[in-house]
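Asks: Quick one: sequence and predicted model below, then my questions.
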Amino acid sequence: MSLVVVGMLVGFGFASVYIARQEVVNSASLSYGLFFLGLYLLAHVIARMTVPDADPYLLPMAGLMTGIGLTEIYRLAETDAFRQGLWIVIGLGAFAATLFLLHDDYRKLESYKYLCGLAAVALLALPALPGIGETVNGARLWVHVGPVHFQPGELAKILLIVFLAGYLREKREVLAQFRLKDLGPLLLIWGAAMGVLVITNDLGGGLLYFGVFLAMLYVATARFSFVVAGLALFVAGAAAVYSLFPRVEERVQIWLDPWSDVYGRGYQAAQSLYSIANGGFGGTGLGKGMYTDADGHQLIPYLNTDFIYSALAQELGLVGICGFLLLYMLFAARGFRIALLAQDGFSKLLAVGLTFAFTLQAFIIIGGIVRLIPLTGITLPFVSYGGSSIVANFVLLAGLLLVSDRANRGLDR
């Protein structure tokens, strides 16, 4: 029933965009909604076959997020929406494959924790390699091999969480005693990942990984001193990065005062804030936001990737965007509930890591747009345009469903 509601909302969204553009209701809007509904009903059937006792609300919530994102991307650029639709299909394929491969016992991943950690570091290092790495907007995040163009850091995020869950489950008691020899492998893998992120200039990803690492370490050891030490290291590292990297210094200056250079380096941030303010309380309506000037030039660069939240805030208004944020909060609440219900350490840590990574990523990009924190160029989960992010988030969703199914069946062997 929840998926039927999601399909109807997506159909209404596309219809609103058609009406705003052409002042008629096109039958294609209905077909988009039906196709979307059919796609997620198939995913629902696969989930019920493989993880019948999993949380029933996570998949519909993910469907609504992707539907909102696809509708807004279609409103901004039809060709991008078609490609995003293909990536959603691929992502659901990865979702189904993950469930089929691991539904017997996903905990066998714990045996490969070191391999996952090394693979994550290797994936993060790929964009730094000459010939295949590609720099976009100042950060070297992309790998381009022939027709394949992807962001390996998205998959590395999942692999690092598996490594941390396995290692922390095994060593949590000795880690709580702060034995340095047991911290060695953990700090080695984490330090290598952080070093690669600095080399590739992906400092937003560095913040995400550091936050996940610290959260999982605290959950595993229950030592608040680790959080204090981690925050102290973060402050020291942030000061060092600020002095060493001009790009970071520029982002901080824009965060502090985007109006000082509103037609220069603060242009993107200022236009984004104007867009949010233009939405007012009730929004302009889907398809009626203003994103181009009189000459047809886009007012906000990278609108359908880094700044899609600004577009949604303008068209949905304060009421609509609050409902949108509530959707993320509910997803996080269900994820942490799964962690509480899980009956073994690896499952608990895996659920915490996956949920916290999802939540922190959303906070980092939204917080940057509304000036809570300096802006970093990462995607809004399930919503922003980008194939790598979509696929990785569907794998993340499958992981949460696997843990949820085992927890709800009360399996502790």
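Replies: Everything's here; your move.

Asks: in the longest helix along the chain, what's buried?
Replies: Assignment by DSSP state H gives helix 308-341 as the longest helix of the chain. Of all the residues in helix 308-341, those buried under the rule 16 or more other C-beta atoms under 10 Å are 308-317, 320-321, 324, 327-328, 331-332, 334-335, 338-339, 341. C-betas here are computed from N, CA, C, even on glycine.

Asks: try stretch 400-410
Replies: So for stretch 400-410, counting by 16+ other C-beta under 10 Å, buried means 400-408.

Asks: Do a quick rundown of the helices in the stretch 51-200 of the chain.
Replies: With DSSP state H, counting those that start in this stretch, the ranges of helices along the stretch 51-200 of the chain come out as 58-76, 78-102, 113-125, 153-176, 180-199.

Asks: Output the contacting helices and strands for the shortest one.
Replies: Going back to what we said before, that points to helix 113-125. When contacts are defined as 3 or more C-beta pairs under 8 Å, 6 or more residues apart in numbering; DSSP states H and E, helix 113-125 packs onto helix 153-176, helix 180-199.

Asks: Could you do the longest one as well?
Replies: Helix 78-102 makes packing contacts with helix 27-50, helix 58-76, helix 387-408 when contacts are defined by 3+ C-beta pairs under 8 Å, 6+ apart.

Asks: now those helices as JSON lines including mean pLDDT and distance to Gly230?
Replies: Formatted as JSON lines, the helices and strands packed on helix 78-102 follow (pLDDT from 0 to 100; distance: least, C-beta to C-beta, whole Å):
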{"stretch": "helix 27-50", "mean pLDDT": "79", "distance to Gly230": "36"}
{"stretch": "helix 58-76", "mean pLDDT": "89", "distance to Gly230": "29"}
{"stretch": "helix 387-408", "mean pLDDT": "93", "distance to Gly230": "23"}
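
Asks: and of those, who's closest to Phe210?
Replies: Taking C-beta to C-beta, helix 387-408 is the member of those nearest to Phe210, at 18.3 Å.

Asks: Output the contacting helices and strands for the helix or strand hosting Tyr242.
Replies: Assessed by DSSP states H and E, Tyr242 sits inside helix 224-244. Helices and strands touching helix 224-244, by 3+ C-beta pairs under 8 Å, 6+ apart, are helix 203-221, helix 246-256.

Asks: what's the least confident stretch among those?
Replies: The weakest mean pLDDT among those belongs to helix 246-256, with a mean of 80.

Asks: low-confidence ranges in this protein?
Replies: Applying pLDDT under 70 to the chain picks out residues 1, 7, 11-12, 14-15, 17-33, 133-141, 146-148, 176-202, 293-296, 411-413.

Asks: try 50
Replies: Applying pLDDT under 50 to the chain picks out residues 24, 413.

Asks: roughly how far is stretch 244-257 from the heart of the chain?
Replies: 23 Å (C-alpha atoms, centre = their mean, to the nearest Å).

Asks: List of residues touching it?
Replies: Residues from elsewhere that reach stretch 244-257 (C-beta atoms under 8 Å, 6 or more residues apart in numbering): 138, 201, 203, 241-243, 260-261, 265-266, 269, 368, 371, 373-376.

Asks: again, 7 Å this time
Replies: By C-beta atoms under 7 Å, 6 or more residues apart in numbering, the residues outside stretch 244-257 that reach it are 138, 201, 203, 241-242, 265-266, 269, 371, 374-375.

Asks: Would you mark the buried spots in that stretch?
Replies: Residues of stretch 244-257 classed as buried: 248, 251, 254-255 (neighbour count, 16+ other C-beta under 10 Å).

Asks: export those to TSV and tack on distance to Gln298?
Replies: Listed next are the buried residues of stretch 244-257 as TSV, based on distance: C-beta to C-beta, whole Å:
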residue	distance to Gln298
Val248	26
Arg251	21
Ile254	19
Trp255	22
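
Asks: Please work out which of the helices of the stretch 51-200 of the chain is packed deepest.
Replies: Sort the helices of the stretch 51-200 of the chain by mean neighbour count, taking mean count of other C-beta atoms under 10 Å, and helix 58-76 sits at the top with a mean of 24.

Asks: what's the angle between that one and helix 78-102?
Replies: Orientation check (axes from the mean of the first three to the mean of the last three C-alpha atoms, to 10 degrees): helix 58-76 against helix 78-102 gives 160 degrees.

Asks: helices or strands next to helix 58-76 in the packing?
Replies: When contacts are defined as 3 or more C-beta pairs under 7 Å, 6 or more residues apart in numbering; DSSP states H and E, helix 58-76 sits against helix 2-22, helix 27-50, helix 78-102, helix 308-341, helix 387-408.

Asks: what's the distance between Ile378 and Leu233?
Replies: 21 Å (C-beta to C-beta, to the nearest Å).

Asks: Looking at these two, which has the bigger crowd around it?
Replies: Between Ile378 and Leu233, counted using other C-beta atoms under 10 Å, Ile378 has the larger neighbour count: 28 against 12.

Asks: May I have the phi/psi pair for the more buried one?
Replies: When read as degrees, to the nearest 10, the backbone of Ile378 gives phi -120, psi 170.

Asks: Surely it is in contact with Phe363?
Replies: No - look at Ile378 against Phe363 with C-beta atoms under 7 Å: they stay out of range, at 10.5 Å.

Asks: Need the three-state assignment for Met290.
Replies: At Met290, secondary structure determined by DSSP: H, G, I helix; E, B strand; the rest coil is coil.

Asks: Can you pull the phi/psi pair for it?
Replies: Main-chain dihedrals, Met290, degrees, to the nearest 10: phi -110, psi 110.

Asks: Just want to check the distance between it and Leu312.
Replies: Distance from Met290 to Leu312, counting by C-beta to C-beta: 14 Å.

Asks: Over to Ile90?
Replies: Counting by C-beta to C-beta, the gap from Ile90 to Leu312 is 24 Å.

Asks: now do Ala122
Replies: Counting by C-beta to C-beta - Ala122 and Leu312 are separated by 35 Å.

Asks: which residue packs closest to Leu380, ignoring adjacent ones?
Replies: Leaving out its chain neighbours, the residue that sits closest to Leu380 by C-beta to C-beta, 6 or more residues apart in numbering is Ile365, at 5.2 Å.

Asks: quick one, what contacts Ala54?
Replies: In this structure, Ala54 makes contact with 47, 401, 404-405, 408, judged by C-beta under 7 Å, 6+ apart.
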